[in-house]
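In: only geometry, no sequence info:
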């Protein structure tokens with residue numbers, strides 16, 4: 001491999017060099033694991049950069065030519081990379097257009113950085129450009145496998161130094177069943193709603209969770225009209241229209257605005273590393289992230305607090321705005337606060353299941369959602385009668401468990 005080469009990598013594969021994320025099947029939430037660096041096996045999230053049309057990255061993944069002809073890249077401009085260093089957060093790559101175009105530079109940063117020997121997790125596929133190989137990679141500059149081996153040796157020594165203890169525990173019981181299965185009819189009885197026997201997939205259009213939510217609620221009210229809040233209640237005809245209406249209702253809620261203000265004040269006081277571990281912040285557009293970090297620096301330097309109303313309005317506009325990434329229109333995912341407020345406003349009991357918790361239930365396509373044990377379900381607002389059931393698939397995608405028509409109807 002040489003700097004400038006473009007590679008296609010799939011889930012569970014390791015990065016062969018320090019690389020720049022250019023295209024992803026999950027552009028907003030590309031998950032990686034890099035335990036070799038600090039021993040932390042938790043997932044780190046990366047994002048594709050929103051780029052202008054004149055940058056050739058925009059055309060990656062759109063057609064059979066992969067990547068575009070070399071002449072296309074050479075004619076558009078070139079990439080400039082900062083001097084290699086061991087600092088994981090110090091990554092700056094500029095796409096510099098040819099002078100004849102007089103276009104602005106596009107800057108990539110740590111959110112697009114894939115370190116050598118890191119591993120792609122859950123995301124189906126990415127395209128990445130090689131930035132550094134061999135001794136210039138952060139893996140080598142941070143000591144290679146040395147620190148990892150040292151951590152393992154220290155843990156082994158700590159375990160060996162513990163005093164021996166007498167094991168007084170009784171013999172182990174026979175292994176329990178892989179998972180608890182509830183009777184098919186129990187869910188129908190509990191909710192007063194008849195349910196289908198499988199999950200329904202929805203298009204991965206960047207508005208995936210809202211599409212699943214809207215489809216579940218729309219189908220519920222179609223089959224069970226007595227659950228409408230008013231006789232004239234009608235949901236918008238598309239998930240995108242529903243998202244727009246829902247957002248404005250959320251933003252008009254005074255309790256939501258109080259909670260949002262508290263969240264933003266907290267974010268302004270957190271350290272950089274902690275802030276980017278908060279998923280709701282990480283998923284926001286880079287322009288909002290950079291603005292909040294600038295305000296944070298001003299506060300650290302003794303500056304005055306910003307007008308929180310202005311910061312809240314900027315946050316709301318970020319959720320209203322769509323981005324074009326790899327040729328696809330991408331909606332900003334709603335955060336936990338927005339989803340909680342949405343459920344309260346529409347009086348919805350939201351049940352969310354995650355595939356990583358359902359390993360014993362078999363493949364998703366063969367799974368009967370009615371049999372999933374309540375202990376594997378995040379159940380929000382259980383007092384409400386309008387039920388929406390979603391399956392979170394590998395972090396980035398959602399499916400919906402649709403209600404079925406009442407007995408005797410088709």
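Out: Thanks, I have the structure now. For clarity, every value in this text was computed on a predicted model and none was experimentally measured. Numbers count the residues shown, from 1 in each chain.

In: make it CA atoms for all contacts and neighbour counts henceforth
Out: Noted.

In: Mind listing what's buried along stretch 244-263?
Out: Using 16 or more other C-alpha atoms under 10 Å as the test for burial, stretch 244-263 gives 246, 247, 250, 251, 256, 260.

In: Same check on stretch 316-334?
Out: Buried residues in stretch 316-334 (16+ other C-alpha under 10 Å): 318-319, 322-327, 330-334.

In: coming back round to it: of the buried residues of stretch 244-263, which belong to helices?
Out: 246, 247, 250, 251, 256, 260 (DSSP state H).

In: quick one: contacts for the closest residue to the second one other than its chain neighbours?
Out: Counting by C-alpha to C-alpha, 6 or more residues apart in numbering, residue 320 is the residue found nearest to residue 247 once chain neighbours are left out, at 7.7 Å. Residues in contact with residue 320, defined by C-alpha atoms under 8 Å, 6 or more residues apart in numbering, are 244, 247, 331, 332.

In: what do you get if the cut-off is 10 Å, keeping everything else the same?
Out: Applying C-alpha atoms under 10 Å, 6 or more residues apart in numbering to residue 320 gives the contacts 243, 244, 247, 248, 314, 331, 332.

In: got it, and residue 249?
Out: Counting by C-alpha under 10 Å, 6+ apart, residue 249 has contacts 243, 341, 342, 345, 346.

In: Looking at those residues, which is nearest residue 293?
Out: Ranked by distance to residue 293 (C-alpha to C-alpha), those are led by residue 341 at 26.3 Å.

In: Might you calculate how far the one helix or strand that closest one maps to sits from the centre of the chain?
Out: Residue 341 is located in helix 336-345, with elements delineated by DSSP states H and E. Its chain's C-alpha centre and that of helix 336-345 lie 18 Å apart, by C-alpha atoms, centre = their mean, to the nearest Å.

In: just stretch 265-278 next, same as before
Out: 17 Å.

In: before we move on, back to that, dump the buried residues of stretch 316-334 to a markdown table, plus secondary structure and distance to residue 46.
Out: Converted to a markdown table, these look like this (DSSP: H, G, I helix; E, B strand; the rest coil; distance: C-alpha to C-alpha, whole Å):
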| residue | secondary structure | distance to residue 46 |
| --- | --- | --- |
| 318 | helix | 18 |
| 319 | helix | 19 |
| 322 | strand | 18 |
| 323 | strand | 16 |
| 324 | strand | 16 |
| 325 | strand | 13 |
| 326 | coil | 15 |
| 327 | coil | 18 |
| 330 | strand | 15 |
| 331 | strand | 16 |
| 332 | coil | 15 |
| 333 | coil | 14 |
| 334 | coil | 17 |
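
In: just to revisit the earlier point, what does the pLDDT read for the residue nearest to residue 247?
Out: Turning to residue 320, the model gives it a pLDDT of 91.

In: Would you reformat the contacts of residue 249 as TSV and include pLDDT, distance to residue 108 and neighbour count?
Out: Listed next are these as TSV, based on pLDDT from 0 to 100; distance: C-alpha to C-alpha, whole Å; neighbours: other C-alpha atoms under 10 Å:
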residue	pLDDT	distance to residue 108	neighbour count
243	93	30	20
341	94	34	19
342	95	34	19
345	95	39	13
346	96	40	15
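
In: returning to that earlier point: tell me which residues of the helix holding residue 341 are tucked away?
Out: Buried residues in helix 336-345 (16+ other C-alpha under 10 Å): 338, 339, 340, 341, 342, 343, 344.

In: quick one: the first one and residue 263 touch, right?
Out: By that I understand residue 338. No: counting by C-alpha atoms under 10 Å, residue 263 is not a contact partner of residue 338; they are 11.9 Å apart.

In: wait, what's in contact with residue 393?
Out: Contacts of residue 393 (C-alpha under 10 Å, 6+ apart): 122, 353, 354, 355, 356, 364, 399.

In: Repeat the analysis, applying 8 Å as the threshold.
Out: Contacts of residue 393 (C-alpha under 8 Å, 6+ apart): 354, 355, 399.

In: Could you find the closest non-adjacent residue to the second one?
Out: Excluding its sequence neighbours, the residue lying closest to residue 355 (C-alpha to C-alpha, 6+ apart) is residue 393, at 5.4 Å.

In: Check the first one too.
Out: Here the nearest residue to residue 354 in space, its sequence neighbours aside, is residue 392; by C-alpha to C-alpha, 6+ apart that works out to 4.7 Å.

In: what do you get for residue 8?
Out: residue 127 (4.6 Å).

In: that's a strand at that neighbour, yeah?
Out: Yes: assessed with DSSP: H, G, I helix; E, B strand; the rest coil, residue 127 lies in a strand.

In: Run through the stretch 1-150 of the chain and note the low-pLDDT ranges.
Out: 57-75, 100-102 (pLDDT under 70).

In: Which parts of it are helices?
Out: 35-38, 70-76, 138-141, 146-161 (DSSP state H, counting those that start in this stretch).

In: of all the ones you listed, which lies closest to residue 373?
Out: helix 35-38 (32.4 Å).

In: list the helices and strands the closest one packs on?
Out: Helix 35-38 sits against helix 146-161, with contacts defined as 3 or more C-alpha pairs under 8 Å, 6 or more residues apart in numbering; DSSP states H and E.

In: right, and the helix or strand after the helix it packs on?
Out: Criterion used, DSSP H and E; the element after helix 146-161 is helix 184-191.

In: Residues contacting that next one, please?
Out: Everything outside helix 184-191 that qualifies as a contact, by C-alpha under 8 Å, 6+ apart, is 193, 194, 195, 370, 371, 385, 387.

In: From those, which land in strands?
Out: Under the assignment DSSP state E, the contacts of helix 184-191 contribute residue 387 to strands.

In: Of all pairs in the contacts of helix 184-191, which one is the farthest apart?
Out: 371 and 385 (19.8 Å).

In: Of the two, which one has the most company?
Out: residue 371 (17 against 14; other C-alpha atoms under 10 Å).

In: Residue 29 versus residue 275, what's the distance?
Out: 16 Å (C-alpha to C-alpha, to the nearest Å).

In: do the same with residue 91
Out: 19 Å.

In: Between the two, which has more neighbouring residues?
Out: residue 29 (22 against 19).

In: can you pull the contacts of the more buried one?
Out: If you count contacts by C-alpha under 8 Å, 6+ apart, then residue 29 has 45, 46, 47, 283, 396 around it.
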